[in-house]
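Colleague: Any chance you could fold what I've pasted below:
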Amino acid sequence: MRQMFDRDLVERKRLVALFEAIEPRLDRYPAIDPPSFRRAVIAALEPLQ
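Modeller: Just a heads-up that it's a prediction; the model follows:
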């Protein structure tokens, strides 16, 4: 993931926006706990700021 950011292949703001777009529909997937998934996404992106 770091290399993708370093090469400007992915933008942090865009990833957050995409996550926020799917977040309301995560209830369709019972194996995914939306609050835990949100924390994991944010935690993964924090070092990439």
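Colleague: How far off centre is stretch 21-38?
Modeller: A distance of 11 Å separates the centroid of the chain from that of stretch 21-38, by CA atoms, centre = their mean, to the nearest Å.
Colleague: Stretch 23-40 now?
Modeller: With CA atoms, centre = their mean, you get 11 Å for stretch 23-40.
Colleague: what's near enough to touch the residue nearest the centre of the chain?
Modeller: Against the mean C-alpha coordinate of the chain, by CA atoms, centre = their mean, the closest residue is residue 41 at 3.9 Å. Residues in contact with residue 41, defined by CB atoms under 8 Å, 6 or more residues apart in numbering, are 15-16, 19. In short, each C-beta sits where N, CA and C put it, glycine included.
Colleague: how about the closest residue to residue 19 other than its chain neighbours, secondary structure?
Modeller: Leaving out its chain neighbours, the residue that sits closest to residue 19 by CB to CB, 6 or more residues apart in numbering is residue 41, at 5.2 Å. Residue 41 carries the three-state label helix when classified by DSSP: H, G, I helix; E, B strand; the rest coil.
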